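Asker: I need the structure of the sequence given here:
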Amino acid sequence: MKLLIGFVLMSFILVPAIFLSKSANAIPVFARKYQTSCPTCHWATFPGLNPFGKAFKDNGYRFPEDDEVYVKETPVAFGGEAWKRVFPKAVWPSTITPVPPVALMIESNFFVNPKNDSGKTAFDGIGALELLMGGTLGESLSWFGAAPLYENEGSAVGSETHVERLFFVYSPTLFDKKGLFNVEVGRFEPRATPRSQHLSIIGTTRYLFSTWSTPPASNFTAFFPFQNGVEFFGGMNGPKGNGGLMWAAGVVNGERSGDAFDPDGLADSIPEGDSTFDMNNSKDYYARVSYKIGGMGVLGGGKVEESDKPTENWQDNSLTLSGFFYRGNAGFFNEPGVEATWHPSGNNFWRYGAEAEYSWWNFNLFGAATYFRDNTSSDVTIGGESGDNFDADLYTAELRWVALPWVIPAVRFENMNPSYDVGDIDSFSTYSADITVLIRANVKFTVGAAFADGNAPSGVDDETYQMGVKIGL
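Answerer: Next comes the predicted model:
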């Protein structure tokens with residue numbers, strides 16, 4: 001009931017803003033390259049991807065078939081085709097786009113939190129300004145990057161430009177097909193994640209499996225926002241070109257997320273050391289496999305029909321079943337909150353689980369069971385009690401619905417069940433929902449709300465309302 005009331009109140013604020021908004025006509029990098037609309041690849045609204053968008057991404061940011069036919073901007077050639085015939089006595093030729101391969105994402109939000117004693121409302125002006133980059137280099141290399149240029153942190157200082165993601169993909173042609181095997185190198189979100197936070201259309205909260213760490217043993221989260229390493233992935237369409245198999249495996253450094261749960265600010269006690277190297281010598285590794293039954297082929301199916309008419313390309317009657325694991329080693333604190341001692345390694349952990357995604361008509365339902373298993377090499381002591389096992393089970397469900405091509409509601413439910421030897425946290429649930437209204441293909445307004453039950457620990461939003469606009473240029 002609180003969720004419904006919150007939406008009604010926020011909608012009265014939102015509607016006037018919609019009709020007073022101005023048009024934005026520019027579109028980002030790949031849309032310019034192919035001179036097509038954002039919904040070609042996005043699931044009704046960006047940044048969510050529809051089946052074609054997923055195939056586009058997994059084909060090295062190229063159309064699944066006859067990519068060169070659909071490119072509207074003639075690429076600049078670095079060398080001629082004849083160079084291929086005399087290789088290795090000549091440099092293999094390449095191409096780049098004729099215009100700078102960059103775009104901007106602008107975000108502005110208004111927040112309401114009735115339970116925040118220091119301030120119950122906040123308008124962030126320009127909440128974020130992000131530089132998005134991407135393109136192809138010839139027929140087998142591609143790249144993608146995201147660099148926040150500005151992030152409002154609630155003050156006039158502290159916004160810092162950094163490269164959030166930047167990676168290169170090598171997609172060779174095998175057996176006259178692309179997508180069977182690819183290599184990704186750089187800074188990226190591992191495909192082990194149950195569902196990409198970067199592609200979520202619910203912006204009021206982040207997925208718990210992307211942000212929950214294991215206090216008090218560690219502040220490692222694994223999946224978000226990025227990892228540094230190498231990943232191998234690929235897939236093949238199923239019978240008659242429908243559905244199919246996707247797989248991924250990778251080795252990464254195992255970075256600690258700055259968004260990790262750290263209620264006591266213990267991360268300040270971690271020695272900085274030489275930033276060139278990790279705090280421990282181990283590397284994390286992971287794998288994922290999924291199979292899609294029905295719907296568009298995982299690497300695209302058939303020709304792309306060019307049309308000026310809007311299409312219901314989010315519809316993809318299908319069922320996708322997936323499983324994953326992530327194995328790593330992280331540092332941990334002994335006696336947190338007392339005389340904390342930092343151990344640079346020794347928290348041997350697993351993250352594994354199963355997922356199901358079902359699409360029918362204008363609905364998309366996602367569910368995941370994610371299991372956190374942490375075991376420290378020595379006991380962690382809290383309040384005179386000691387232990388080394390820190391387990392948690394997380395259950396996630398999310399439903400998205402295209403009510404109209406430009407109105408997309410989405411709801412999410414998450415239930416976290418920690419089971420720690422010491423410093424235990426009660427089980428709790430969170431609820432979040434957004435309604436997205438597309439004013440233009442590259443301009444969207446959202447209104448959202450998030451709640452958590454009374455057992456949620458500090459650091460988890462227990463009541464927040466948000467209204468915002470996001471523009472892709």
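Asker: Find the residue closest to residue 97 in space, skipping its chain neighbours.
Answerer: Closest residue to residue 97 apart from its sequence neighbours, by Cβ to Cβ, 6 or more residues apart in numbering: residue 135 at 5.3 Å. C-beta coordinates here come from the backbone N, C-alpha and C atoms, glycine included.
Asker: again but with residue 373, I slipped
Answerer: Take residue 373 and drop its neighbours on the chain: the residue closest to it by Cβ to Cβ, 6+ apart is residue 350, 4.2 Å away.
Asker: element containing that neighbour, please.
Answerer: According to DSSP states H and E, residue 350 maps onto strand 341-360.
Asker: Also residue 468?
Answerer: If you go by DSSP H and E, residue 468 is part of strand 463-472.
Asker: buried stuff in that strand?
Answerer: By neighbour count on 16 or more other Cβ atoms under 10 Å, the buried set for strand 463-472 is 464, 465, 466, 467, 468, 469, 470, 471, 472.
Asker: how far is that strand from where the chain is centred?
Answerer: Relative to the centre of its chain, strand 463-472 is centred 17 Å away, using Cα atoms, centre = their mean, to the nearest Å.
Asker: Keeping just the C-alphas, turn it into CSV.
Answerer: The C-alpha coordinates for strand 463-472 follow below in CSV (Å, rounded to 0.1, in the frame of the first residue of the first chain):
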residue,chain,number,x,y,z
GLU,A,463,12.1,4.3,2.3
THR,A,464,13.2,6.4,-0.7
TYR,A,465,11.2,8.1,-3.5
GLN,A,466,12.9,9.3,-6.6
MET,A,467,12.0,11.3,-9.7
GLY,A,468,14.5,11.8,-12.5
VAL,A,469,15.3,12.5,-16.1
LYS,A,470,18.0,10.8,-18.2
ILE,A,471,19.1,11.9,-21.7
GLY,A,472,21.4,10.2,-24.1
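Asker: on that earlier part again, secondary structure element for the residue nearest to residue 97, which one?
Answerer: Using DSSP H and E, residue 135 sits within strand 128-137.
Asker: Not counting its own residues, what contacts that strand?
Answerer: Applying Cβ atoms under 8 Å, 6 or more residues apart in numbering, the external contacts of strand 128-137 come out as 28-30, 33, 60-62, 75, 94-97, 101-107, 142-152, 164, 166, 472.
Asker: From those residues, which land in helices?
Answerer: Among those, the members falling in helices (DSSP state H) are 29, 30, 33.
Asker: Which one (most neighbours) among those?
Answerer: Using other Cβ atoms under 10 Å as the neighbour criterion, residue 30 leads these with 25 neighbours.
Asker: pLDDT weak spots in the stretch 151-300 of the chain?
Answerer: Applying pLDDT under 70 to the stretch 151-300 of the chain flags residues 152-161, 215-222, 224, 255-280.
Asker: can you map out the helices along it?
Answerer: Assigned by DSSP state H, counting those that start in this stretch, the stretch 151-300 of the chain shows helices spanning 208-211.
Asker: Residue 84 - that's part of a helix, no?
Answerer: Yes - the assignment for residue 84 (DSSP: H, G, I helix; E, B strand; the rest coil) places it in a helix.
Asker: Run through the bridge partners of the closest residue to residue 442 other than its chain neighbours.
Answerer: Ranked by Cβ to Cβ, 6+ apart and with sequence neighbours excluded, the top spatial neighbour of residue 442 is residue 472, at 4.3 Å. Counting by DSSP bridges, residue 472 is bridged to residue 105.
Asker: Equivalent analysis for residue 369, please.
Answerer: residue 354, residue 395.
Asker: got the contact list for it?
Answerer: Residue 369 neighbours (Cβ under 8 Å, 6+ apart): 353, 354, 355, 393, 394, 395, 396.
Asker: Next: residue 164.
Answerer: When contacts are counted by Cβ under 8 Å, 6+ apart, residue 164 touches 130, 146, 147, 148, 187, 225, 226.
Asker: Count the residues that sit near residue 457.
Answerer: As a burial measure, residue 457 scores 15 neighbours (other Cβ under 10 Å).
Asker: and the gap between it and residue 426?
Answerer: The spacing between residue 457 and residue 426, counted by Cβ to Cβ, to the nearest Å, is 8 Å.
Asker: go on, residue 415?
Answerer: Per Cβ to Cβ, residue 415 is found 12 Å from residue 426.
Asker: For those two, indicate the residue with more neighbours.
Answerer: Counted by other Cβ under 10 Å, residue 415 and residue 426 do not tie: residue 415 has more neighbours, with 15 against 12.
Asker: Who are the contact partners of that one?
Answerer: Applying Cβ under 8 Å, 6+ apart to residue 415 gives the contacts 394, 395, 396, 427, 428, 429.
Asker: The closest residue to residue 393 other than its chain neighbours sits in which helix or strand?
Answerer: Spatially, and ignoring its direct neighbours in sequence, residue 393 is nearest to residue 417 (4.5 Å; Cβ to Cβ, 6+ apart). Using DSSP H and E, residue 417 falls within strand 407-420.
Asker: Name the next helix or strand downstream of that strand, please.
Answerer: Assignment by DSSP H and E places the next element after strand 407-420 at strand 428-440.
Asker: Show me what the very next helix or strand once past that next one is packed up against.
Answerer: Using DSSP H and E, the helix or strand that follows strand 428-440 towards the C-terminus is strand 443-452. Applying 3 or more Cβ pairs under 8 Å, 6 or more residues apart in numbering; DSSP states H and E, we find strand 443-452 packed against helix 2-20, strand 428-440, strand 463-472.
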